[in-house]
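# Here is my input, please return the structure:
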Amino acid sequence: MNPFGARLPAFSLPILAVLLASISGVEASQTAAKPNIILILADDLGYGELGCYGGKDAPTPNLDAMAKAGARFTSGYVTCPVCSPTRAALLTGKYQHRFGHENNIAQSWELEHPELMGLPVEEKTIADRLRATGYRTACIGKWHLGAHQNFHPQQRGFDEFFGFLEGGRAYLSDDHPGNFYFKSTPPFKPVHFKEAGKSPILRGHEVVAEEEYLTDAFTREALRFVDEKPQQPFFLYLAYNAVHTPITPCPRWEEKLRHIENPVRRTVASMMAAMDEDIGKLREHLRERGLAENTLLIFLSDNGGSPGGHQTSVDPSCANYSLNTPLRGYKGECWEGGIRIPYIVEWPAKIPGGITFEEPASSLDIVPTLLAAAGAPPPEKTDGVDITPFLSGAKTGAIHETLFWRYHTFKAVRKGRMKLVKERNGKDQLFDLTADLTESKDLAADRPDVLAELNRDLETWEREMSPPRWNQTRPLRPDGRPLFGNLLSNGNMEEAQPRGIWPAAWYHSESGVQWSTEKCVSGRHSLHISENAAGKQQIGQWRSVAGKATPGIRYRLQWMWHHTQSSNITAHLRFFDGSGKFIEQKSAAASGSNDGFEPQRLDADAPANAATVDVVFTRAADGAGRVWIDDVDFSDQP
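Take a look at the predicted model:
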């Protein structure tokens, strides 16, 4: 058949041969070209919401079509049941536990040291690696890997950024009256979004005023990015915040979904429908520009659906904001409902359509898969696997022998069809996920051999991992204590017993020191030091246990004191070397009136050979009057 639609004369045949060879060469070149890559992340989207995963409330024809054109994973997992740790693993291809990004990050205005809480700067992201091979890169949407400038996306491999740095923000402009956490029905009052204005939309580092519904705004920016520099391959990380709180309806979809009676479910469905509609616009945009064939498109959620039924704000009949049907559990838990997510991959040039892949796959696999697709060097260390050969049919069988989880009160292991779940203060549970997807039949008593094997695997894995670098709001030391916080327990005396039982963190002299309920700053107790007999000096009336000291770090002692007469109480910070030999001390006498509890402070820098430090309060000779000490805080400073 004539490809040009008209009959050509015989003398044109040599020319036609040249043209066809040329066209063939262009097609071969395009096929061999680096693919464009789009990684789409939904937020708190449950396993059972999309039509291709059995969902019925929200229309999701575009994601359903993407699954039909590519591969749908029925056992797709993320590495954590909450937002930030999942994203850390997603963009590095490593368990987030390897570099201490184990816990979530609260909003930046709630953090004590935001400069220390974010994806560690020594970790390379997929954007770093792809940009090094010639890709242009953009992050559009929710970041949640550190709000401090140290962790800004444009410091982490992305050429462009449009979105917000925090864990959540309003979908509408900050002053819009429609900003709600939940918009419920009587007698349940709507709860307004209290954080408006605290999580601005940024273009790069500049704050911008955004008037569009946020899902639509992110899609608008994604389409703009696709159209820039068409000759250069691109990597787009499109991180929607839908369907994360605040539960804010998309106006054009809310009216279409009036048949859903529960207002929260209707709102969530409108948010899903808007996101699906916008993903359809993106796929159509690629087709119109001839980019769809060689664009690798991946969609997944960062964790399972969040539990609902908060009786002060939504109807109790709403069991979940986003449904994880038929799985057990929710966001924040290591049951399947918290970690198994919708996971779809489409790449027409390489992956046949209509695939349903049942073997476990992980978000850890995305980095090695993208690098292999781009012809980039593999990462030096990864916990993931290039899944392309499994989807193309070049490889068969399981992608992973074992997958692990550790978050908050949960630990879990999946090995083949068996899964171990450990919950703090609970007994170990064992499930056969092939026969029992709902995790309802505990087999621990029936299969002690498997239980023991999975526990051994977990112990081996944990030995390779690092301790968390922070809890949700404070940096932590390797032993779990706050990095910049109180180094002594019971500084507020609340563990004290009036009858003289002392906490383990403090030593005291044999006489003259006792707990008091007579005066205190707050709570139940303070430390009471009675009057000294004339000429008698009591040294070390109150001394802490020694703690580890870091040379060059500044230590700060703060306390409150009250006295009945002129008195002399001196505080000391004492430093010792590794053999326990005293090096030096810094001292300060308490001062102030006796009108009430007065704040005191003492700072000291640890000397170069310091190994330990302790706190001592001493009473001078002939000390008259009684003294009360409370709210002792001993901390290291940033």
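# in what helix or strand does the spatially most central residue of the chain lie?
Taking C-alpha atoms, centre = their mean, the centroid of the chain lies closest to S84, which sits 1.6 Å from it. Of the helices and strands defined by DSSP states H and E, S84 is found in helix 83-92.
# Check D278 too.
When the helices and strands are read off by DSSP H and E, the one containing D278 is helix 263-288.
# Would you map the strands across the stretch 51-200 of the chain?
Using DSSP state E, counting those that start in this stretch, the strands of the stretch 51-200 of the chain run over 71-73, 76-77, 136-142, 160-164, 180-182, 191-192.
# Now that we have these, can you turn them into TSV and tack on distance to A33?
In this view, the C-beta of every residue, glycine as well, is placed from N, C-alpha and C. Conversion of the strands of the stretch 51-200 of the chain to TSV gives the following (distance: least, C-beta to C-beta, whole Å):
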stretch	distance to A33
strand 71-73	22
strand 76-77	28
strand 136-142	14
strand 160-164	22
strand 180-182	46
strand 191-192	50
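# Would you tell me which of those strands gets closest to E206?
Taking C-beta to C-beta as the criterion, E206 comes closest to strand 160-164 out of the strands of the stretch 51-200 of the chain, the separation being 10.2 Å.
# What strands line up against that closest one, and which way round?
Each strand paired with strand 160-164, and its direction, by DSSP bridges: strand 136-142 (parallel), strand 201-203 (antiparallel).
# Quick check: next helix or strand after the shortest one?
Meaning strand 201-203. On the C-terminal side of strand 201-203, the nearest following helix or strand under DSSP H and E is strand 206-208.
# From the contact counts, what lies against the following helix or strand past that next one?
Scanning forward in sequence from strand 206-208 by DSSP H and E, the next helix or strand is helix 214-227. For helix 214-227, the helices and strands in contact under the criterion 3 or more C-beta pairs under 8 Å, 6 or more residues apart in numbering; DSSP states H and E are strand 136-142, strand 160-164, strand 234-239, helix 263-288.
# K415 touches L454, doesn't it?
Yes: shown here, K415 and L454 form a contact pair, counting by C-beta atoms under 8 Å, at 5.9 Å.
# So which of these two has more stuff around it?
It is L454, of K415 and L454, that has more neighbours when counted by other C-beta atoms under 10 Å, with 24 against 19.
# circling back to that earlier point, any chance of the strands of the stretch 51-200 of the chain in CSV, plus mean pLDDT?
Written out in CSV, the entries for these read as follows (pLDDT from 0 to 100):
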stretch, mean pLDDT
strand 71-73, 98
strand 76-77, 98
strand 136-142, 98
strand 160-164, 98
strand 180-182, 63
strand 191-192, 64
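# Reformat the ones you listed as CSV; add mean neighbour count and distance to T409.
Shown next, in CSV, are those (neighbours: other C-beta atoms under 10 Å; distance: least, C-beta to C-beta, whole Å):
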stretch, mean neighbour count, distance to T409
strand 71-73, 25, 27
strand 76-77, 22, 19
strand 136-142, 24, 26
strand 160-164, 23, 29
strand 180-182, 22, 25
strand 191-192, 17, 27
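# Relative to I126, which of these is closest?
Set against I126 and scored by C-beta to C-beta, these come closest in strand 136-142, at 8.8 Å.
# what does that closest one contact?
Strand 136-142 is contacted from outside by 41, 43, 83, 127, 130-131, 153, 157-164, 166-168, 218, 221-222, 225, 228-229, 232-241, 244, using C-beta atoms under 8 Å, 6 or more residues apart in numbering.
# Quick check: closest non-adjacent residue to G204.
Beyond its immediate neighbours in the sequence, the residue positioned closest to G204 (C-beta to C-beta, 6 or more residues apart in numbering) is F161, lying 5.8 Å away.
# give me every residue that touches the one you found.
138-140, 143, 152-154, 202-204.
# Just the buried residues out of these, in PyMOL syntax.
The command below creates a PyMOL selection of those among the contacts of F161 that count as buried (16 or more other C-beta atoms under 10 Å):
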select buried, resi 138+139+140+143+152+153+154+202
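# What is the burial count for the closest residue to K395 other than its chain neighbours?
Leaving aside its sequence neighbours, K395 sits nearest to P389 (C-beta to C-beta, 6+ apart; 4.0 Å). Burial of P389 is recorded as 14 neighbouring residues (other C-beta under 10 Å).
# any idea which element P389 lies in?
Under the criterion DSSP H and E, the helix or strand holding P389 is helix 388-392.
# any idea how far L286 lies from C52?
Here the criterion is C-beta to C-beta, to the nearest Å. By it, L286 lies 20 Å from C52.
# And the strands in the stretch 301-450 of the chain?
Going by DSSP E, counting those that start in this stretch, the stretch 301-450 of the chain shows strands at 343-346, 355-357, 361-362, 402-407, 410-415, 418-423, 429-432.
# Can you check which of these gets nearest to E336?
Across the strands of the stretch 301-450 of the chain, the minimum distance to E336, taken as C-beta to C-beta, is reached by strand 418-423, at 8.0 Å.
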